[in-house]
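Colleague: pasting a predicted model and its sequence here:
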Amino acid sequence: MGRFGFVLRRLLLTIPLLLGIVLLVFLVLKITPGDPARQIVGLRATTQQLDQVRQQLGLNDPVLVQYLRYLGHVLHGDLGYSYKSLQPVSDMIAERLPVTLWLLTFGTTFTLLISIPLGTITALQPNRPIDHAVRGAGLVALTMPSFWVGIVLILLVALPTGLFPAGGFGDTFPDHVRSIILPAITLAISIAPFQIRSMRTSMINVRRSDYVATGRSMGLSEPRLMRRFVLRNAAPPTISVLALNVGYLLFGAVVIETTFALPGVGEGIVLAARGRDIPAIQGYTLLFALLVVAVYLIADIVTAVMDPRVEIAS
Amino acid sequence: MSLADDLTTQSGESSTEHTFATERTRLPKRVWVGVAIVGVYVLVAVFAPVLAPYDPLAQHLLDALANPSSAHWLGTDELGRDVFSRLIFAFRVDLPVGVLGAVLPAIVGTALGAIAGYFGGWADALVMRTADVFQAFPTYILIIALVFALGQGVVSILVAFTLVAWVAYARLIRGEILRIRGLDYVQAARAAGLPSRRILGLHVLPNGIGQTLVYLPSDIVLATLGLAALSFLGLGIPLPTPEWGAMIAAGQPFIRDQWWLSTVPGLVVVGFGLGLSLIGEGVEEWTQR
Amino acid sequence: MSAPLLEVSDLKVHLTIGERQVTPVDGLTLSIEKGGALGIVGESGSGKSLTLRAILGLLPPGSVVDGTITFSPQPGTTNEVSADQVRGNGVAMIFQEPMTALNPTMRVGDLVAEGARNHGALDRKACRARAIDLLRSVGIPSPHERSRMWPHELSGGLRQRVMIAAALSTSPALLLCDEPTTALDVTVQDQILGLLAQLRADLGMALILVTHDLAVVAEVCDRIAVMYAGRIVEIGTTEDVLTSPQHPYTAALLASAPTFNSDVAQPLEGIGGHPPDPRAFPPGCRFAPRCRFAQDDCRTAVHELITVEGHGTACIHPEVLKVPVL
């Protein structure tokens, strides 16, 4: 009951946050200049047609009513219809979301593959050449715009070797994999410096701790100490950091999808913004905010499960 | 712990208090390297009209996508504009917007955080809850939404950055105020009747502003990268104004043959970021001495 | 006469703090017999914890250790050993703060089993059974249920017992104790000390106990070494040192410790001043700046333990302490 109650309580606490987010999204786009009716009907619309459309969209009602109506729709999963394609926004999201999930999954995997070993090595040899080298590389990586890194990778890897496409997602599963590799590497390069730094700090602190001294005083070998004492305690904070950086990750997804022409929700929101497609933007923004909240929640729960110290009781 | 006991000084000061007291150690060398780099960038921005051989907006369509030559050091872009001149003039966009994109949130955030920390009560609650909602948003997605709402252009970009980035500064200064409030000697001073304004002025501002200054360089890097990304996506500075991110985007279709169109502006961004990072890291190291 | 169980000769520990090299343990020599109990007392900053850690090689990275350590668990063999060799192999250690010294992501039974597994190649079931036995032997009730618990679920006293069990799991001939009772309530302190004394009697295990609390050493140890500023300033049997101290520092420590038969009307004497900073030890006798009997030649005195009938002191003017304290 203890753990379950904890999860339940966390879930309940996110509800006011979600309501606030919906409100913010609604407000932001309500202040957008521009006439949605005109956008739908076109430049040569008559006043009559415009009024009709406005009435249909409910744009003549008071703002509060519009908000409540919007909230109601959102709770039912109805995110409106795109001004441009007239497709339901929820369908658009459903089509594009898997691509983004591919990118995020491969990207975080590559990130962990890079950052855990490098974080460990630099923690074991602090202030030695390897540490300075990794930190210097991280510093440079943080100043490189991710879209530029992507373009450079296309230039240096995709074009010369022909192993990876310069863009697009492909039609078959193998195509998907080949298409996602370079974008995932680009994403990993942009996040890895944070992860390496946090892993390094975490490991240094753990290795200095008294319980590692206890383990060592019992004569345990270094590999065994590493496994059961050090990594077990150093890894969870790093995973929390990864979750905290999810906002940054999602933006990376937006930019990288655009660079590599991947048909995900990142590219979707950019196209929607360029085309001034308000329902689409609202839908995508809500999705992103929801993803962030979901990731925070999952990270909290995973930490609670992994760390026996997190108090599950009252 | 017993190990630490054997190693601490007897006076037991915290390290941050100590640095603002007596010892004036030199700033690490890297700070000066960073300042030099940033200085060069500032000079280029200021003297752009002198340094650029051509008008950045002038099109020579017959000469489009030319290779680098003595006439055009970085060639021309798809509309025949001199890339080198555009690059130089882009300094006048990216630098000010990048700097303001960090300084404005710093001012707004520090003010709000100071209000929250000083007055406490409902002012504190209001500011902090607002901060929570803003922070729950993926930062740049909110920026995209805001820029979309407010229209493209420098002003809306700066407004968007400010609305999103103030939170970190507010929390920083509020945290400092709360920490100082809790210190024993401050409580003693207040019990003795010293006005809290003086205490805050004497102690909070130096330390809090110090931390803000350490954070600023990296925030400028983030703002500049954010601006470049927005422009790359077509949501930032509107064409035809030259901007580093926009130039990278414009060059992408020609990456196979005119690869310098995209790569060079990126290198310029990296240079700016490195200069600022060196300053930021160096100052941070100095304050921890 | 058989060799002592452990002999430490001229131990020095060098640390690098910032840019400076510091020597918080400066030429320490002591020994302990099989089954003996030696107490090391001193204030914070005297270097006593570092001494224990140096024996087991648990110092922070960048430390340099000088001197020799000789460990002879078997009669007839005398080996100069390195710290790596004795860890979990005859010498074990328990730490001051049980909460931070137990791995938070390991159940206590598993932790104790680790030591058992390391000391003899037993299979998992046997290790677990041995762990439960060890928990029982340190006085933990319901050891089977307790072995499945996490460290944060136990009280301070139980955690300390777990730590002792973990130390015992490697069947040590010598147990190093770093302030084992300082973090505990007074009633629990008594229990733990009683446990240590009992284990010593049952297992013939030697103890080196580091503490700043004279009452603790009085209860458990048969010999005492007094440390100040990285050196031993007095060493001898408990009775000798406590009843007729031969060093002004020891005398001051005794005078500042309240006992039941001290006169309530007499004010408690603290020792004025602070122990010296390891970065700037005073020349000559390091206690001289705080010593009310200090004379000129004290500030140039070379540190040397002069032993008379098993009672050693580094003070060159012990005659100033004419009157025994207790």
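Modeller: Here it is on my side, so go on. Numbers count the residues shown, from 1 in each chain, chains lettered A, B, ... in the order given.

Colleague: do you know how far A:A289 is from chain B?
Modeller: 6 Å (C-beta to the nearest C-beta, to the nearest Å). Heads up, the C-betas are built off the backbone N, CA and C, glycines and all.

Colleague: pLDDT score for that residue?
Modeller: At A:A289, the model reports a pLDDT of 81.

Colleague: with the one 10 residues further on instead?
Modeller: Note for A:A299: predicted pLDDT of 77.

Colleague: hmm, it is touching A:V241, no?
Modeller: No. Using C-beta atoms under 8 Å, A:A299 is not in contact with A:V241; the gap is 9.4 Å.

Colleague: show residues contacting stretch C:308-323.
Modeller: C:231-237, C:240-241, C:244-248, C:251, C:285, C:293, C:295, C:297-298, C:301, C:303-306 (C-beta atoms under 8 Å, 6 or more residues apart in numbering or on different chains).

Colleague: for stretch C:114-122, same thing?
Modeller: A:215, A:218-221, A:224, A:228, C:88-89, C:92, C:106, C:124, C:126-127, C:130-131, C:134, C:166-171.

Colleague: what residues sit buried inside that stretch?
Modeller: The neighbour-count check on stretch C:114-122 (16 or more other C-beta atoms under 10 Å in any protein chain shown) flags C:114-119 as buried.

Colleague: quick one: low-confidence residue ranges for the chain.
Modeller: Using chain A. A:1-3, A:32-43, A:45, A:57-58, A:60, A:305-314 (pLDDT under 70).

Colleague: hm, I was asking about chain C
Modeller: In chain C, residues with pLDDT under 70: C:1-2, C:75-79, C:120-121, C:258-270, C:322-326.

Colleague: what does it have sitting close to chain A?
Modeller: Within chain C, the positions near chain A by C-beta under 8 Å from any C-beta of the partner chain are C:53, C:56-58, C:60-61, C:87-89, C:92-93, C:95, C:97, C:100-106, C:111, C:114-115, C:118-119, C:150, C:152, C:163, C:166-167, C:169-170.

Colleague: out of the contacts of stretch C:308-323, which are buried?
Modeller: C:231-236, C:240-241, C:244-248, C:251, C:285, C:298, C:301, C:303, C:305.

Colleague: up against chain B, what does chain C have?
Modeller: So chain C meets chain B at C:15, C:17, C:24, C:44-50, C:53, C:60, C:95-97, C:100, C:178-179, C:210, C:274-275, C:277-278 (C-beta under 8 Å from any C-beta).

Colleague: can I have the buried ones of these as a PyMOL selection?
Modeller: The PyMOL selection below is limited to those of the residues of chain C next to chain B classed as buried (16+ other C-beta under 10 Å):
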select buried, chain C and resi 15+24+44+45+46+47+48+49+50+53+95+96+97+100+178+179+210+275+277+278
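
Colleague: the residues of chain C next to chain B in helices, which ones?
Modeller: C:48-50, C:53, C:100 (DSSP state H).

Colleague: tell me the one of these nearest chain B?
Modeller: Closest approach to chain B among those (C-beta to the nearest C-beta): C:S49, at 3.9 Å.

Colleague: quick one on the thing from earlier: let's have the ones in helices among the residues of chain C next to chain B in JSON lines, adding distance to B:L27.
Modeller: Rendered in JSON lines, the data for these read as follows (distance: C-beta to C-beta, whole Å):
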{"residue": "C:K48", "distance to B:L27": "40"}
{"residue": "C:S49", "distance to B:L27": "37"}
{"residue": "C:L50", "distance to B:L27": "35"}
{"residue": "C:R53", "distance to B:L27": "37"}
{"residue": "C:T100", "distance to B:L27": "37"}
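
Colleague: now the one residue in the stretch 51-200 of chain A that gets nearest to chain B: closest residue in space, sequence neighbours ignored.
Modeller: In the stretch 51-200 of chain A, the residue that lies nearest chain B is A:T143 (2.7 Å; C-beta to the nearest C-beta). Leaving out its chain neighbours, the residue that sits closest to A:T143 by C-beta to C-beta, 6 or more residues apart in numbering or on different chains is B:G273, at 2.7 Å.

Colleague: you'd agree that neighbour is up against A:W148?
Modeller: No. Using C-beta under 8 Å, B:G273 is not in contact with A:W148, being 11.1 Å away.

Colleague: residue contacts, the most centrally placed residue in chain A?
Modeller: When C-alpha atoms, centre = their mean is applied to chain A, the residue found nearest the centroid is A:L250 (3.1 Å). The contact partners of A:L250, by C-beta under 8 Å, 6+ apart, come to A:266, A:288, A:291-292, B:138, B:140-141.

Colleague: using the three-state scheme, assign the residue of the stretch 51-200 of chain A found nearest chain C.
Modeller: Closest contact between the stretch 51-200 of chain A and chain C, by C-beta to the nearest C-beta, is at A:P126 (7.9 Å). In three-state terms, and counting by DSSP: H, G, I helix; E, B strand; the rest coil, A:P126 is coil.

Colleague: state the number of residues packed around it.
Modeller: 15 (other C-beta atoms under 10 Å in any protein chain shown).

Colleague: could you measure it against A:A235, distance?
Modeller: Separation of A:P126 from A:A235 (C-beta to C-beta, to the nearest Å): 18 Å.

Colleague: what of C:R20?
Modeller: Taken as C-beta to C-beta, the span from C:R20 to A:A235 is 35 Å.

Colleague: how near is C:V162 to A:R178?
Modeller: 54 Å.

Colleague: over to B:W260?
Modeller: Distance from B:W260 to A:R178, by C-beta to C-beta: 27 Å.

Colleague: kindly report the same for B:G75.
Modeller: B:G75 is 32 Å from A:R178, by C-beta to C-beta.

Colleague: neighbour-wise, which of the two wins?
Modeller: Remark: of B:G75 and A:R178, B:G75 carries more neighbours, 20 against 16, as counted by other C-beta under 10 Å.

Colleague: tell me the contacts of that one?
Modeller: Here B:G75 is in contact with B:65-69, B:83, B:258, B:260-261 (C-beta under 8 Å, 6+ apart).

Colleague: for chain C, which segments count as strands?
Modeller: Ranges of strands in chain C, per DSSP state E, are C:6-17, C:20-32, C:37-41, C:64-71, C:79-80, C:91-94, C:174-178, C:206-211, C:223-228, C:231-237, C:306-308, C:311-313.

Colleague: dump those strands into a markdown table; add distance to B:Q288 as well.
Modeller: Shown next, in a markdown table, are the strands of chain C (distance: least, C-beta to C-beta, whole Å):
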| stretch | distance to B:Q288 |
| --- | --- |
| strand C:6-17 | 15 |
| strand C:20-32 | 17 |
| strand C:37-41 | 35 |
| strand C:64-71 | 25 |
| strand C:79-80 | 42 |
| strand C:91-94 | 33 |
| strand C:174-178 | 30 |
| strand C:206-211 | 32 |
| strand C:223-228 | 33 |
| strand C:231-237 | 33 |
| strand C:306-308 | 47 |
| strand C:311-313 | 44 |
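
Colleague: please identify the deepest-packed of the ones you listed.
Modeller: strand C:91-94 (a mean of 28; mean count of other C-beta atoms under 10 Å in any protein chain shown).

Colleague: packing partners for that strand?
Modeller: helix A:210-217, helix C:48-56, helix C:156-168, strand C:174-178 (3 or more C-beta pairs under 8 Å, 6 or more residues apart in numbering or on different chains; DSSP states H and E).
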